[in-house]
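> Make a model of this:
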Amino acid sequence: MKILFVTEKFPYPLTDGGNIRSFNILRLLAKEHQVTLLSGVEDPQEAENCPALESLCGKIKVFPQKKPRGASVLPYILLGLVGDIPYPLCKNFSQSLLSGILCELSTREYQAVHFNHLDAAQYLLHFPSDTAIGNPITVLDTHNVLSLILHRFRGQERFPWKTGYIYTQWKKMKSLERRLCERMRLCLVCSNQEAEALQIIAPQAVVEVVPNGVDTSALSYRPLKPEAGTHPAAAFIGNLDYLPNEQALHWFSDKALPLVEDKMPEIEFYIAGRHTKNSLQKLARKNVHLLGNVESFQQVMQPSWILVVPIHVAGGTRIKILEAMSLGLPVVSTTIGAEGLE
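Residues are numbered from 1 along each chain as shown. Purely as a prediction, here's the structure:
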């Protein structure tokens, strides 16, 4: 089968849970089928990662898209208010990626389209009639149910005007998830909890669970033990411009870490991940270390004793918990942080 794999975010390097899942779904599809990858890239340097996927994909096309930052997000915030597409998706829409998708499908060579995340699935709304592109099977890997995340954000927010805005985005996201998921031939989710949540939103959708996992043999994982004489340490790893992670780190630094320091003053806390925001730079102090981007999970956890997952708003499942367990490391998590893992 010839498959068009569409993703808003390039699925490499494997430095966050989303990319790990995307890459492995792509890798397994490529074992049995011929795959073309179409991906947005925020940084032109991301295109340098294409060689890592060339052995999997018959064709790779990337489409640069500048993500709005700072004041430039305001038009998209307003568009999310007056339009049908909620803000988290409309700010990621790329006309060039849509044109690339339609160009490939116009060849009528593809039997299936795999949409990676709801950001990619929104392009289905712009597909022409079947006579123009054939009648490909459509599959969506949701990674997480976005309306559920917005619902949780609303419960966390204290400012009434923000609560009102999040409420409008939640309603639009839930409506869009229903429309898109019920148009798909198949929807993939990470856990049974996500499957139940999505079936409530989109009763007519066909939903299957493809759980996240860790290939311990391929990655040569081995149990880690703290080195003699080292300070007790904890670590957090994740994409640091992802709002749930940012909120989790502020909460942990303000509320939880001081309680640990009272009992164990020598504790060290390591924060690793891409795109460290200015607000997180303020967390750095004598025993709190911002490591920035790292090559592997093992690199962060080698000197550490535990992984902390202080997530209060989330969807999907945390692959970093599975990776820590495969290394023999204990995990301290909120209930939501560990949600979806049996």
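
> Residue 310 contacts residue 249, correct?
Yes. Between residue 310 and residue 249 there is a contact under CB atoms under 8 Å: 7.4 Å. The way it works is simple: take the backbone N, C-alpha and C, and place the C-beta from them, glycine included.

> what is in contact with these two at once?
residue 236 (CB atoms under 8 Å, 6 or more residues apart in numbering).

> Neighbour count for those two, which is higher?
residue 249 (26 against 21; other CB atoms under 10 Å).

> Run through the strands of this protein in chain order.
2-7, 34-41, 59-64, 112-116, 137-141, 186-189, 207-209, 233-237, 268-272, 288-292, 306-309, 331-333 (DSSP state E).

> now the first one against strand 112-116, angle please.
What it means is strand 2-7. Interaxial angle of strand 2-7 relative to strand 112-116 (axes from the mean of the first three to the mean of the last three CA atoms, to 10 degrees): 20 degrees.

> What helices and strands are in contact with strand 2-7?
If you count contacts as 3 or more CB pairs under 8 Å, 6 or more residues apart in numbering; DSSP states H and E, strand 2-7 packs onto helix 17-32, strand 34-41, helix 95-105, strand 112-116.

> Outside of the third one itself, list whatever touches it.
So the one you mean is helix 95-105. So helix 95-105 is contacted by 4, 6, 8, 36, 38-40, 61, 63-65, 110, 113, 123, 126-128, 132-134, 136 (CB under 8 Å, 6+ apart).

> If you rank every helix and strand of the chain by mean pLDDT, what lands last?
Each helix and strand of the chain was given a mean pLDDT (mean pLDDT, DSSP states H and E); the minimum falls on helix 130-133 at a mean of 72.

> residues of the lengthiest helix in the chain that come out buried?
Criterion DSSP state H: the longest helix present in the chain is helix 160-183. The neighbour-count check on helix 160-183 (16 or more other CB atoms under 10 Å) flags 165-166, 169-170, 172-174, 176-178, 180-181, 183 as buried.

> Next: stretch 72-81.
76, 79, 80.

> Might one say that residue 84 is in contact with residue 171?
No. With contact defined as CB under 8 Å, residue 84 does not count as touching residue 171 (10.9 Å).

> quick one on the thing from earlier: what is the least confident helix or strand of the chain packed up against?
So helix 130-133, by 3+ CB pairs under 8 Å, 6+ apart, packs with helix 95-105.

> mind listing what's buried in the helix it packs on?
Neighbour-count burial for helix 95-105, counted by 16+ other CB under 10 Å, picks out 97, 98, 100, 101, 104, 105.

> Of those, just say which sits nearest to residue 290.
residue 97 (32.4 Å; CB to CB).

> Please report how far that closest one lies from residue 124.
13 Å (CB to CB, to the nearest Å).

> likewise residue 98?
10 Å.

> Next: residue 241.
Distance from residue 241 to residue 124, by CB to CB: 27 Å.

> Could you do residue 29 as well?
19 Å.

> Flag the shaky bits of the stretch 1-150 of the chain, pLDDT-wise.
131 (pLDDT under 70).

> Strand 137-141 and the longest helix of the chain, what's the angle between them?
Helix 160-183 and strand 137-141 are oriented at 150 degrees to each other (the same axes, to 10 degrees).

> so how far is helix 160-183 off the chain centroid?
18 Å (CA atoms, centre = their mean, to the nearest Å).

> ok, back up a step: name the residues of the least confident helix or strand of the chain that are buried.
By neighbour count, and taking 16+ other CB under 10 Å as the criterion, the buried residues in helix 130-133 are residue 133.

> Alpha carbons only: can I get it in PDB?
Extracted C-alpha coordinates of helix 130-133, given in PDB (Å, rounded to 0.1, in the frame of the first residue of the first chain):
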ATOM      1  CA  ASP A 130     -13.000  12.000  -4.400                       C
ATOM      2  CA  THR A 131     -12.900  12.300  -8.200                       C
ATOM      3  CA  ALA A 132      -9.900  14.700  -7.800                       C
ATOM      4  CA  ILE A 133      -7.800  12.700  -5.200                       C
END
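
> what separates it from the chain centre, distance-wise?
31 Å.

> hmm, who's touching it?
102, 105, 106, 108, 127.

> which non-adjacent residue is nearest the last one?
Of all residues not flanking residue 127 in the chain, residue 133 sits nearest, at 6.4 Å (CB to CB, 6 or more residues apart in numbering).

> Hmm, residue 5 is touching residue 29, no?
Yes. Under the criterion of CB under 8 Å, residue 5 makes contact with residue 29 at 7.0 Å.

> who has more neighbours, the two?
With neighbours defined as other CB under 10 Å, residue 5 and residue 29 compare such that residue 5 has more, 28 against 19.

> gap between residue 259 and residue 230?
In this view, residue 259 and residue 230 are 22 Å apart by CB to CB.

> more neighbours, the two?
residue 230 (12 against 9).

> And the more buried one, how close does it get to residue 301?
Relative to residue 301, and taking CB to CB, residue 230 is found at 13 Å.
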